[in-house]
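Undergrad: Predicted structure and sequence below. I'll ask about it afterward.
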Amino acid sequence: MLTARGITKRFPGVTALRDVSFDLRPGEIHALCGENGAGKSTLIKLLSGLHPHGSYEGELTVGGQPAHFRGISDAGRAGLAVIYQELALVEEMTVAENICLGSEPRRSGPLAFLIDWETVHRRAAELLQKFGVAIDPAAPVARLGVGEKQLVEIVKALSKDSRILILDEPTAALAEHEVQVLLTILRELRRRGIACIYISHKLDEVFALADRITVLRDGATIGTWDTAQTSKNEVIRRMVGREIGDLFPRRNRSPIFRGSADSSQSLESCEPALRVEGLTVADPHTGRVRLHDLTLALAPGEVLGIGGLMGAGRTELLMHLFGAWGERRGGSVWLAGEKLPPLSPAETLPRGLALVSEDRRRYGLHLPQPVAFNLSLSSLRNLTRAGLLDSGAEFQANDRQFRSLRIKAPGLESPVGKLSGGNQQKVVLGKALMTAPRVIFLDEPTRGIDVGAKLELYEIINQLTDEGRAVVLVSSELPELMGMSDRILMLHEGRIGGEFTRAEATPERLLAAAMGQRENAA
């Protein structure tokens, strides 16, 4: 259905693709794997017309015919639909308006120039129901979480009756049950003869879904293999060019605090780095209580994992503690023994709290600005003398962080919006680390990050805890929670559904707690 032969794509100072070859068969799910910066996103932009014909070398065909796409509309007419890693929804519009955007039904007769809004909402509701997505079509997209927005994006793409569907990290922000819904949809599309290019760093999904796997490394094709004829370890080795050992290198530590209901139960005589008692928080827009009577404690040098299904309140908890969301209705928060009233992020940062948000483009980055601007943005108060910015000190601090995190970019002055998703995530993390936090909140920090970058992040977590800093890790991936946490709290509908030490945690018990089944969790 699609072939790419000898594709080479150059940018100023960078060759993103070098003689890449790739093909897609009818009714096939073909996985495209590689580290961030390997060239996956560039190849997808080329296939979808964002990089038009003439801007690259090589040949591209669709259905056996030469494809000279001048833009995304040409690719759409040829039957290609793309869901990018970063969402492309209009926040001010409703779910229904986004799904039908560009193909709105019109009224009949003399009013044919007007949109038929009744049909728009009916068609969107039918599509959402068809694909098992429980989202109100009349809801404003701005009110949705990242995972819900991703599902809307997927339904929007599937509504176009495309013959080739390209998905770039489609499950990165989805909860487990939503992932299963998507995988079921893709298997049904395969049965109908629709071909899919599937990009994901989650190799469990790749091996459960894909017929073939192509690996890119440093902009070149390493090879293509039938999924049944290879293994996860082989794919990882080909992606990174080296052997990978333990995927979750968390150093064993004894849990400090046990018992979220009574944080005074300590195994060591130690002041908690963070203590929360009876925290109750309402949504500032609706007034509805989202967090109910939460009590927890976090020790210096500890990683506290927080899991739960979508809507359980994980992100809301971190955003409230950082001062960026919610109306506190009750309870108290203590940082290193100091009671904190509700504060703004500008007030929590100098006290030693930092947040790496799950939505890096919305909350973590200023995309038009360079890497350097973004890295130092939260720590400028530490880089000033007599009220003036010390540009020399800023450069040195930025350069150290840039090199330490191995950010793949031509230099500090590269626009951060031009980086791959994984390298953008590294910039967000570096910005937080430059504030020298005592407690750092990591909300889905490995979303859209390849295996090699994940290992680097995990080692940073180990380094932080070795220095006595505390880490709160929110993740939708149970293996990550179990592999990198000293303790795990599972949230259910804004309440603590269960607490587990690392030794006690199993996927079955964690999922039961996330679903509110306390007996099964125990």
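TA: On my side now, so go ahead.
Undergrad: what does stretch 46-66 contact?
TA: Identification of contacts with stretch 46-66 by C-beta atoms under 8 Å, 6 or more residues apart in numbering yields 1-10, 17, 19-20, 42, 45, 67-75, 78-80, 82, 164, 166, 197. In short, each C-beta sits where N, CA and C put it, glycine included.
Undergrad: shaky segments in the protein?
TA: 85-86, 173, 175, 242-246, 252-270, 448, 518-522 (pLDDT under 70).
Undergrad: Centroid-nearest residue for it?
TA: What sits nearest the mean C-alpha location of the chain, by C-alpha atoms, centre = their mean, is residue 447, with 3.1 Å.
Undergrad: residues in contact with that residue?
TA: Contacts of residue 447 by C-beta under 8 Å, 6+ apart are 169, 172, 173, 358, 425.
Undergrad: how about CSV for those residues, with secondary structure, distance to residue 139 and neighbour count added?
TA: Output for these, formatted as CSV (DSSP: H, G, I helix; E, B strand; the rest coil; distance: C-beta to C-beta, whole Å; neighbours: other C-beta atoms under 10 Å):
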residue, secondary structure, distance to residue 139, neighbour count
169, coil, 24, 23
172, coil, 21, 24
173, coil, 17, 23
358, coil, 19, 25
425, helix, 28, 26
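Undergrad: Identify the residue spatially nearest to residue 406, adjacent ones excluded.
TA: Leaving aside its chain neighbours, residue 406 sits nearest to residue 456 (6.7 Å; criterion: C-beta to C-beta, 6 or more residues apart in numbering).
Undergrad: Please report the distance of the one you found from residue 206.
TA: Residue 456 is 21 Å from residue 206, where distance means C-beta to C-beta, to the nearest Å.
Undergrad: before we move on, what about residue 71?
TA: 30 Å.
Undergrad: Can you pick out the residue with more neighbours from these two?
TA: residue 206 (20 against 13; other C-beta atoms under 10 Å).
Undergrad: Verify the contact between residue 172 and residue 154 for me.
TA: No. Counting by C-beta atoms under 8 Å, residue 172 stays clear of residue 154, with 12.0 Å between them.
Undergrad: What helix or strand is residue 148 located in?
TA: helix 146-158 (DSSP states H and E).
Undergrad: Packing partners of that helix?
TA: strand 80-83, helix 95-99, helix 117-130, strand 164-168, helix 176-191 (3 or more C-beta pairs under 8 Å, 6 or more residues apart in numbering; DSSP states H and E).
Undergrad: neighbouring contacts of the last one?
TA: If I follow you right, that is helix 176-191. With C-beta under 8 Å, 6+ apart as the test, helix 176-191 has contacts from 27-29, 131-133, 147, 151, 154, 158, 165, 167, 170-171, 174, 196, 198, 205, 208-209, 309-310, 476, 478, 511.
Undergrad: Off-centre distance for the helix or strand just after that helix?
TA: Tracing the chain past helix 176-191, the next element assigned as helix or strand by DSSP H and E is strand 195-199. From the chain centre to the centre of strand 195-199 is a distance of 19 Å (C-alpha atoms, centre = their mean, to the nearest Å).
Undergrad: Can you give the contact residues for strand 195-199?
TA: 1-2, 24-33, 40, 44, 47, 85, 163-170, 186, 189-190, 206, 209-210.
Undergrad: repeat that for 6 Å
TA: For strand 195-199, the external contacting residues (C-beta atoms under 6 Å, 6 or more residues apart in numbering) are 1, 24, 26, 28-32, 40, 164-169, 186.
Undergrad: Same check on stretch 91-111?
TA: Residues contacting stretch 91-111 (C-beta under 6 Å, 6+ apart): 89-90, 112, 114-116, 119-121, 124, 135, 137-142, 152, 155-156, 159.
Undergrad: Give me the secondary structure label for the closest residue to residue 198 other than its chain neighbours.
TA: Distances taken as C-beta to C-beta, 6+ apart place residue 31 nearest to residue 198, at 4.9 Å, with adjacent residues excluded. Residue 31 falls in the strand class when you classify it by DSSP: H, G, I helix; E, B strand; the rest coil.
Undergrad: show me the residues around residue 31 that make contact.
TA: 198, 206, 210, 213.
Undergrad: any idea how far the third one lies from residue 222?
TA: Computed as C-beta to C-beta, the residue 210 to residue 222 distance reads 16 Å.
Undergrad: quick one: which of the two has more around it?
TA: Shown here are residue 210 and residue 222; by other C-beta under 10 Å, residue 210 has more neighbours (23 against 18).
Undergrad: if I look at the more buried one, how far off is residue 432?
TA: For residue 210, the distance to residue 432 (C-beta to C-beta) stands at 34 Å.
Undergrad: cool, residue 138 as well?
TA: For residue 138, the distance to residue 432 equals 36 Å [C-beta to C-beta].
Undergrad: And the two? Which one has more around it.
TA: residue 432 (24 against 12).
Undergrad: my read: that one touches residue 357, true?
TA: No. Applying C-beta atoms under 6 Å as the test, residue 432 and residue 357 come out as separate, 9.5 Å apart.
Undergrad: residue at max distance from the center of the protein?
TA: Farthest-from-centroid check, the chain (C-alpha atoms, centre = their mean): residue 110, 46.7 Å.
Undergrad: Run the angle between the helix holding residue 148 and helix 117-130 for me.
TA: When axes from the mean of the first three to the mean of the last three C-alpha atoms, to 10 degrees is applied, the directions of helix 146-158 and helix 117-130 differ by 110 degrees.
Undergrad: can you pull out the helices in the stretch 351-500 of the chain?
TA: Here the stretch 351-500 of the chain has its helices, by DSSP state H, counting those that start in this stretch, at 371-375, 391-404, 421-433, 451-466, 478-484.
Undergrad: which other helices and strands contact the first one?
TA: I take that to be helix 371-375. Packed against helix 371-375, as judged by 3 or more C-beta pairs under 6 Å, 6 or more residues apart in numbering; DSSP states H and E, are the following elements: helix 391-404, helix 421-433.
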